[in-house]
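1. sequence first, then the predicted structure:
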Amino acid sequence: MQCTPDLSHKDCDSCLRQSVSYYESCCRGKQGGYVQKPNCWFRWDLYPFYISNASTTAPSLSPPLPVNSASKNGDGGHSSHTLLIIIVPIIIFVVVIVILAAVILLKRNKKRKQDDQINKNHAEPFQFDFNAVRLATENFSDANMLGQGGFGSVDKAKFQHRNLVRLLGFSFEQKERVLIYEFLPNSSLDSFIFDPVKCLQLNWEKRYKIIKGIAKGLLYLHKDSQYRIIHHDLKPANILLDEELNPKISDFGMAKLIALEQSQADTSKIVGTYGYMAPEYALRGQYSVKSDVYGFGVLVLEIISGQKINSFTNREVGDSLLTHAWRNWNEGTALEVVDPILRDDSRSEITRCIQLGLLCVQEDTAYRPTMASAVLMLSSYSSSLPVPSAPPLSMHSFRERETKSKSSSFSNQSKRETVQVSVN
């Protein structure tokens, strides 16, 4: 405590009492500070801040603070409180973010594990031990043989997309290669539509469902799977039927993979079934997704007519099934093509499907629809279909025309070469 020299003892005492009173009201319990009045001041702290020699005057202080200045402890307390207000929300925010990130990662890992399990169970074929396959088929006995496919013999043994037969697994041992598919008890489509008794089970509603199912299965192969797959051998024998007569495309022994950005490819080895092969593939070895579209068109016309492409003949005019269907559609008598047991069903829907089948079997691949367009045509009736051009002639006639064209081209080339020689 200290007063200015000009202050009397009484006034000094009064000034100091006021300082102490102010200290008790505002700053009691604080570790240090001082109260400054105009003529006196009062200071306290936890360490000696004065010179012990009584004869010496009190040390000069730094310029006094205003009367209402806060104490040191007050400043520290206020700063600490402000710091807490800033830090605590930040910590809470960080903790919430960490928790959310952990929850998201856990969910993703769980979903990834589920997807992996699904892929293991449904997508990736399982490799079977060849001895197990031999045992399951009773050493590939004739009693278990279901038929012949493009890959080889198809045997019954008990051991993915709705309209594709499910590949359960495979087995390799030396030169033996076995593909293992699910077993469908209703056999194939040809055993129904070409059988005079079983065909009665297929009314138009069921046949229409089969046509749409085949279209969706092909769309998956061409566009929605990981690869662009061309089946190459679409025919009724390769369309299996489940218990509810839902179609499943089978026998991928001749299937080809092409890049998604690739429009077509060529081959010198022609495999498949005549009548269902597109002319550009059968004659020139060119194949694309439009080759399968052609086969689909033939299937549609067979399903509607109940007639086989390779056994149909109209001796009066020499029509094939394709030209017979196109001629009747062009003349407005499309229902003449329809299986007699379907004559009383939805005529407009049947006629539209005949038109779609004819669009798919056009000779020029550019005019054939994609399977995406075909699926849309089958599910929507809001727009009219394009007018199909005449389908190609029978394969025999087509081969003759191609041969004549090549012979003519070769003859012209020979003449040009002869002229060049004579000029020289």
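-> That came through fine. On a predicted model such as this, the values are computed, not experimentally measured, just so you know.

2. state the mean pLDDT of the longest helix along the chain.
-> The residue-count maximum for a helix in the chain (DSSP state H) belongs to helix 72-118. Mean pLDDT, computed over helix 72-118, is 78.

3. same thing with stretch 209-219?
-> The predicted model assigns stretch 209-219 a mean pLDDT of 96.

4. pull out the buried positions in that stretch.
-> Buried residues in stretch 209-219, counted by 16 or more other CB atoms under 10 Å: Ile210, Ile211, Lys212, Gly213, Ile214, Ala215, Lys216, Gly217, Leu218, Leu219. All C-beta spots, glycine's among them, are computed from the backbone N, C-alpha and C.

5. among those, which lie within helices?
-> Per DSSP H, those map to helices at Ile210, Ile211, Lys212, Gly213, Ile214, Ala215, Lys216, Gly217, Leu218, Leu219.

6. distance check, the fourth one against Leu179.
-> Spatial separation of Gly213 from Leu179 under the definition CB to CB, to the nearest Å is 22 Å.

7. what does the domain assignment say about the chain?
-> As recorded under automatic domain parsing, the domains making up the chain are 2-69, 186-392.

8. now distance to Phe170 too, for the ones you listed, in CSV please.
-> Below are those laid out as CSV (distance: least, CB to CB, whole Å):
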stretch, distance to Phe170
domain 2-69, 84
domain 186-392, 12
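
9. let me know which of those domains is tucked in deepest.
-> domain 186-392 (a mean of 18; mean count of other CB atoms under 10 Å).

10. please tell me how far Pro386 sits from Cys353.
-> From Pro386 over to Cys353 the distance is 15 Å, taken as CB to CB.

11. quick one on the thing from earlier: now do the longest helix of the chain: distance to the chain's middle.
-> Between the mean C-alpha location of helix 72-118 and the chain-wide mean there is a distance of 35 Å, by CA atoms, centre = their mean, to the nearest Å.

12. packing partners of that helix?
-> For helix 72-118, the elements it packs on are strand 33-36, judged by 3 or more CB pairs under 8 Å, 6 or more residues apart in numbering; DSSP states H and E.

13. just checking the distance from the next helix or strand after the strand it packs on to the centre of its chain.
-> Later in the chain than strand 33-36, the nearest helix or strand by DSSP states H and E is strand 40-44. Distance of strand 40-44 from its chain centroid, counting by CA atoms, centre = their mean, is 82 Å.

14. picking up where we left off before, weakest of the domains of the chain in terms of mean pLDDT?
-> Between the domains of the chain, the lowest average pLDDT goes to domain 2-69, which shows a mean of 69.

15. between the ones in helices among the buried residues of stretch 209-219, which is nearest Leu335?
-> Minimum distance to Leu335 across those is 16.9 Å, recorded for Ile211 (CB to CB).

16. my guess is the closest one contacts Ile303. True?
-> Yes: shown here, Ile211 and Ile303 form a contact pair, counting by CB atoms under 8 Å, at 6.0 Å.

17. okay, now Ala101: neighbour count?
-> Neighbourhood size, Ala101 [other CB atoms under 10 Å]: 10.

18. how close does it sit to Ile90?
-> Using CB to CB, we find Ala101 at a distance of 16 Å from Ile90.

19. again with Gly32
-> Gly32 sits 31 Å away from Ile90, going by CB to CB.

20. same thing with Val289?
-> As judged by CB to CB, Val289 and Ile90 stand 58 Å apart.

21. would you map the helices across the protein?
-> Ranges of helices in the chain, per DSSP H, are 9-26, 72-118, 130-136, 190-193, 204-219, 279-284, 289-305, 321-330, 347-360, 371-379, 395-423.

22. could you dump those into TSV with distance to Asp242 added?
-> Formatted as TSV, the helices of the chain follow (distance: least, CB to CB, whole Å):
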stretch	distance to Asp242
helix 9-26	91
helix 72-118	21
helix 130-136	21
helix 190-193	13
helix 204-219	10
helix 279-284	30
helix 289-305	17
helix 321-330	27
helix 347-360	22
helix 371-379	20
helix 395-423	33
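
23. now stretch 267-275 - C-alpha only, CSV.
-> Output of stretch 267-275 as CSV, limited to C-alpha atoms (Å, rounded to 0.1, in the frame of the first residue of the first chain):
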residue,chain,number,x,y,z
THR,A,267,-13.5,-65.8,-88.1
SER,A,268,-12.5,-68.5,-90.6
LYS,A,269,-14.2,-71.3,-88.6
ILE,A,270,-17.9,-71.2,-89.0
VAL,A,271,-19.8,-73.1,-86.3
GLY,A,272,-23.5,-73.1,-85.6
THR,A,273,-26.8,-74.4,-87.0
TYR,A,274,-27.9,-73.4,-90.5
GLY,A,275,-31.2,-71.6,-90.6
